[in-house]
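A.B. asks: Test case, fold it:
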Amino acid sequence: MTTPIIPMTVVIPTHGRVDLFLETLASLEKQTLSAFEIIVTDDSVEDQDRKAIKKAALDFQEKTGHTANYLFSEPRLGQAKNTNQGLRVAQGELIRILHSDDLLAPRALEAEVSLMTHNNLTLEVLYHLVEAFRHAPSFDKQPQLSLLQPSLLFKSVMHSGTPLPSAIVFHRQVLNRIGGMREDLDFLCDWEFCTRLVNDQLCRQNFIGQLSSGFIGWRVHGDSTTGKLWHRHFLEHEQFMNELKSNTRLASELIGDKQSQLEFFARGVRYRYNRLLKDIAQMPAGRMLSERKMIFRCLLSGPTLRERLRPAPWTLPGRLVRSQDRAILKHRQQQPLQTAPQSFLTIFKFCAAEKIMSWGKNYLEKKGLYHQLHSEKAPQQGPQIPTIGKHLQVHPAMGLLPKETETLYILTEYNNTANLWPLRKLLTSAERLKISALNTNTFYSHVLHQCLKLTPVGLQLEIDLIDNQHLTSFGFKALLEELFPGQFTWKSQKKLSPYHHQLVYKRTDNAHSCYSAPHDGWTFGMLTTGDRRENIAQYVKSIEESCHDPFEIIIMSPVPLDEYNNHKHVRVICFEEHDDLGWITRKKNIICAEAAYSDILICHDRFVLHPEFICDFSSWGYAYGLAAPRVILKNGERGLDWAVVSSNNKVWSFGALLDYRSCSRYAYNPGGATLIRKSFWQDYPWNENLFWNEHEDVELCRRIQKGGNPILLTRATLIASADRWIKENLLLPYNDQYEVLPGQPVGEQQIRFIKLTTTNQKKQ
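C.D. replies: Got it, this is the predicted structure:
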């Protein structure tokens, strides 16, 4: 007899505060979801509190029929341990935490289950923006759903805030992968837990769901544990940021390059000290005096920093700054940032202002006026569940968005990490797609291709564009025809201002079949001279251990490999024609022609598959033509993978590596390892007039790019035993506003510009 599946488990960690806990439980009694369980985890000190909490849990079960479990192991466990004991026994497919002083709107759980199980969304993590309240929350708004790229969420908010634990819902499988809360942290355990949630979704290329405020009420009250132990929050935030900073790989994935990290951590410093000043300001004078040593310890904890509080305005998307302003702004940013206030007069002024505001608020509350000025009425029904329509809008940043109830917002970074494959069900069923601020930076071509390659015939495409140095309205028209020739028909356009345009198109034909062709298995090809038999064996072994899809292995060798004559998965093709020249293009074409499956990897005999290669590629998606895998050496260093050469392949030129967030019209896939779809190869085979070391892979990529198809970078990784080219290719710095190429201009780039003289200059 199978155990029935529970849709949702609500874990309620509580510590005393019985009256508030009863209100939380009452909000759960009003839930419209038909089946869920609650787990009350208690670490209260007083025995009478524990008895009251346990009785309330049993009464809840009797009233509602929902399963209610009460757990107590010992008092004063702390937030993390107390929460973890509930997470360990949760039975639901979906799991959420609800703190014992927070409230839910009546349809909150129903909305969460509905959105998390929606076929087209495929969400694994959903979080709410919360309604802060003192007396009663305001549940009269209609929450709106947005889908966020994980890295965009992290770098936008996690320097100075984190989604409230009571506002996060996640699948059981996510919890199994990342584990529970970190128990050595008292207050930043929720920040650290959220970081692992975000990183897990980033690795799987998933989007995170965000609901605007309306379903969750977060109580502001004087019995808050964080307010009592303010210094623990300060010190743990400092520890958390330092640990993140020292984990260079994680910081790079979640935040970006060094400049982005400097800006992120500087914002963290500013948040920490602003929060400290507010906590001090709210203290009674006696407590402030008694805790003066800890106050001074925190105020003087950090050294002087030269981190920037914000990016330079001229690096912000789509913004132009006058040259005379740049020097002023640059000078300001070069001034050292003091992590501690420069004088105690600053502290006094800040505290006095906060005190006056606090006294005023207390006076109004005593007179019964504060509640009237901040009316917080809770209607009976509460907000409704957001509907997922067929109108989508892609936007490059978090912030205030227009409230269009039938529009689902997709918030993604406009760079090479933009990948809408996880939202393919939404895209293939969309009726209208609007793209905002496409020319935010120099990566408009990649973003446009990601947005449109999976959209259906009949789609209405709307572009909102303000002309700038990257792209104009007429430039967009040319770009659309270049990427999707003959596939879109112009419908209308409107000029809202001299530089602001709205363009409307209709899709009349599908993109290349490679973007929608199903994945039916893998053909793994290898080119070898037959000298490195151990490398061949390791390649075959790595495939057999990690690939659970149908697959075959084709090895091109000039000599027989007798050990694979009767191998189940391996087929050896002997080929030695023009070996003195290295007819590598012919060998790769033979592998593709012989391939039995839709997706092909061809590499030399120095590579093996990373154990997560297949899983990572499946998450990244099969909507590609030709793609480069990531490459790491055995020591963990980056190999030659996402590369660029500074010409169009007419002459020899310098090569370099691109930041993984960058893409370029000069990008190419190094020939050591190539991923290509068979349906794509049939239109773009290797040029067999070229031999080894004749830029044969650059030529193929340029030909593909001229056909409107970008070269892509996948998250799937190969491990190389050696890479003799890596020292000759420097890593280019990331810049989203202009393209950086290595070396001096060469060949077709050697253009001399003449100076133009304006009419006014002539008159002068």
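A.B. asks: contacts, neighbours, all on C-alpha from now
C.D. replies: Noted.
A.B. asks: now Asp605, nearest residue through space, not along the chain?
C.D. replies: Thr528 (5.5 Å; C-alpha to C-alpha, 6 or more residues apart in numbering).
A.B. asks: Could you double-check that that neighbour sits in contact with Ile602?
C.D. replies: No: using C-alpha atoms under 8 Å, Thr528 and Ile602 do not qualify as a contacting pair, with a distance of 11.1 Å.
A.B. asks: Between those two, which has more neighbouring residues?
C.D. replies: Set Thr528 next to Ile602 and count neighbours by other C-alpha atoms under 10 Å: Ile602 wins out with 23 against 19.
A.B. asks: Contacts only, for the more buried one.
C.D. replies: Counting by C-alpha atoms under 8 Å, 6 or more residues apart in numbering, Ile602 touches 524-527, 588, 591, 673-675.
A.B. asks: Most neighbours among these, which one?
C.D. replies: Gly525 (28 neighbours).
A.B. asks: what about it, which SS state?
C.D. replies: When classified by DSSP: H, G, I helix; E, B strand; the rest coil, Gly525 comes out as strand.
A.B. asks: go on, Ser27?
C.D. replies: helix.
A.B. asks: Which residue ranges of the stretch 651-764 of the chain form strands?
C.D. replies: For the stretch 651-764 of the chain, the strands defined by DSSP state E, counting those that start in this stretch cover 655-657, 667-668, 673-677, 712-720, 730-731.
A.B. asks: Give the partner strands of the second one in its sheet and their orientations.
C.D. replies: In the sheet containing strand 667-668, its partner strands are strand 643-645 (antiparallel), by DSSP bridges.
A.B. asks: contacting residues around the partner strand?
C.D. replies: Residues contacting strand 643-645 (C-alpha under 8 Å, 6+ apart): 653-658, 664, 666-670, 741-742.
A.B. asks: what pLDDT, on average, does it get?
C.D. replies: Across strand 643-645, pLDDT averages out at 93.
A.B. asks: need the contact list for Glu192.
C.D. replies: 181-182, 240.
A.B. asks: now, which of those residues sits nearest Gln201?
C.D. replies: Taking C-alpha to C-alpha as the measure, Gln201 lies nearest Met181 of the contacts of Glu192, at 16.9 Å.
A.B. asks: pLDDT-wise, which helix or strand of this structure ranks last?
C.D. replies: Using mean pLDDT, DSSP states H and E, the weakest-scoring helix or strand in the chain turns out to be helix 323-333, at a mean of 35.
A.B. asks: quick one, phi psi at the residue nearest the centre of the chain?
C.D. replies: Central residue of the chain (C-alpha atoms, centre = their mean): Pro150, 2.2 Å from the mean position. Backbone torsions for Pro150, taken as degrees, to the nearest 10, come to phi -60, psi -40.
A.B. asks: wait, doesn't it sit right on Gln201?
C.D. replies: Yes: between Pro150 and Gln201 there is a contact at 6.5 Å, judged by C-alpha under 8 Å.
A.B. asks: Overlap in contacts, those two.
C.D. replies: 207-208.
A.B. asks: can I assume Lys155 sits in a helix?
C.D. replies: Yes: counting by three-state DSSP, Lys155 falls inside a helix.
A.B. asks: Tell me how many other residues crowd Asp49.
C.D. replies: If we define neighbours as other C-alpha under 10 Å, then Asp49 has 18 of them.
A.B. asks: of all the contacts of strand 643-645, which comes closest to Asp59?
C.D. replies: Ranked by distance to Asp59 (C-alpha to C-alpha), the contacts of strand 643-645 are led by Leu658 at 61.2 Å.
A.B. asks: what's the closest non-adjacent residue to Ala673?
C.D. replies: Cys603 (4.1 Å).
A.B. asks: So for that neighbour, what's the pLDDT?
C.D. replies: So, for Cys603, pLDDT stands at 95.
A.B. asks: Below-threshold pLDDT in the stretch 301-450 of the chain: ranges please.
C.D. replies: 301-381, 400, 405 (pLDDT under 70).
A.B. asks: can you rerun that using 50?
C.D. replies: Applying pLDDT under 50 to the stretch 301-450 of the chain picks out residues 303-355, 357, 359, 361, 363-380.
A.B. asks: Likewise for the chain?
C.D. replies: Those would be 1-2, 303-355, 357, 359, 361, 363-380, 762-764, if you go by pLDDT under 50 across the chain.
A.B. asks: again, only this time at 80
C.D. replies: Along the chain, the parts satisfying pLDDT under 80 run over 1-5, 140, 221-231, 279-382, 399-405, 724-725, 727, 744-753, 755-764.
A.B. asks: Now stretch 715-728: buried residues?
C.D. replies: 715-720, 723, 726 (16 or more other C-alpha atoms under 10 Å).
A.B. asks: Dump those into TSV; add distance to His391 as well.
C.D. replies: Output for the buried residues of stretch 715-728, formatted as TSV (distance: C-alpha to C-alpha, whole Å):
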residue	distance to His391
Arg715	29
Ala716	31
Thr717	35
Leu718	38
Ile719	42
Ala720	44
Asp723	47
Ile726	45
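A.B. asks: which among those residues gets closest to Cys189?
C.D. replies: Closest to Cys189, out of all of those and judged by C-alpha to C-alpha, is Arg715, at 28.9 Å.
A.B. asks: of the contacts of Ile602, closest to Phe551?
C.D. replies: Phe524 (7.4 Å).
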